[in-house]
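1. Build me a model:
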Amino acid sequence: MPITSLQPCDLSQRLAAGPVALIDVRSPGEFASGHVPGARNMPLDRLDAAAVAALPRSGPLHVICQGGVRSRKACEQLAAAGIGELVDIAGGTSAWQAAGLPVEGTGGAVFGVERQVRSIIGAGVLTGAVLALTVHPYWAALSGFFGAGLLMAGLTNLCPLAILVAAMPWNRSAPVVAAGTCCAK
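-> Residues are numbered from 1 along each chain as shown. Okay, the predicted model is just below:
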């Protein structure tokens with residue numbers, strides 16, 4: 001069964017009409033910083049098709065992330081595992097928020113994985129440039145390294161730094177309880 005795509009406003013209408021099976025494949029920290037009401041956190045790096053198949057649902061499984069890349073990968077992974085009726089939310093949580101739709105769990109200043117990656121790359125490029133100007137010109141290779149990484153990520157849509165950052169303890173330690181359970185705050 002093909003993977004379909006849905007705009008955030010259409011998801012909002014479905015949520016208003018009744019329960020929707022919705023998983024958010026971002027890191028627990030990102031999820032805690034704000035998510036679509038009713039979403040269940042199942043990070044992409046720990047996504048288990050058997051656990052997803054066991055979720056109660058009567059319709060399609062909706063999948064969301066921050067911008068749409070991870071949710072698409074999750075849909076492809078779940079489709080390969082035989083889970084049918086998958087809906088990828090176009091533009092992810094960013095598009096949801098840009099549409100002015102409500103979010104739950106805005107737990108404050110949590111840096112998402114994408115923001116952490118941008119900060120690391122910016123620091124690496126700046127450090128390389130400063131060291132190349134003040135210590136030795138060979139330090140420019142550090143800026144070149146980060147630039148090459150950005151180019152590779154742009155061409156392949158795969159970012160090893162993001163994968164590494166997502167696996168860091170601070171991105172895995174915040175246990176998030178699905179909204180609507182007895183333990184949700």
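2. For Ala166, see how far away the spatially most central residue of the chain is.
-> In the chain, the C-alpha nearest the mean C-alpha coordinate belongs to Arg26, at 3.3 Å (CA atoms, centre = their mean). From Arg26 across to Ala166, the span is 9 Å (CB to CB, to the nearest Å). The C-beta positions use only the backbone N, C-alpha and C, and glycine is treated the same way.
3. if I look at the two, which residues touch both of them?
-> Common neighbours of Arg26 and Ala166 are listed as 43-44, 113 (criterion: CB atoms under 8 Å, 6 or more residues apart in numbering).
4. Give me the contact list for the longest helix along the chain.
-> Longest helix in the chain by number of residues (criterion: DSSP state H): helix 113-134. Contact with helix 113-134 is made by 26-27, 29-30, 66-67, 111, 138-147, 149-150, 159, 161-162, 165-166, 171, as judged by CB under 8 Å, 6+ apart.
5. switch the cut-off to 7 Å
-> 27, 30, 66, 139-140, 142-143, 146, 150, 159, 161-162, 165-166, 171 (CB atoms under 7 Å, 6 or more residues apart in numbering).
6. Where does pLDDT dip in the protein?
-> Scanning the chain for pLDDT under 70 picks out 1, 106-110, 172-185.
7. okay, now the domains of this protein?
-> Using automatic domain parsing, the domain ranges for the chain come out as 4-109, 113-166.
8. Pick the most deeply packed of the ones you listed.
-> Across the domains of the chain, averaging neighbours per residue (mean count of other CB atoms under 10 Å) puts domain 4-109 on top, at a mean of 18.
9. all strands for the chain, in order.
-> In the chain, the strands defined using DSSP state E lie at 4-6, 21-24, 40-41, 61-64, 86-89.
10. I'd like those as TSV, with distance to Ala54 appended.
-> Shown next, in TSV, are the strands of the chain (distance: least, CB to CB, whole Å):
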stretch	distance to Ala54
strand 4-6	22
strand 21-24	11
strand 40-41	12
strand 61-64	12
strand 86-89	16
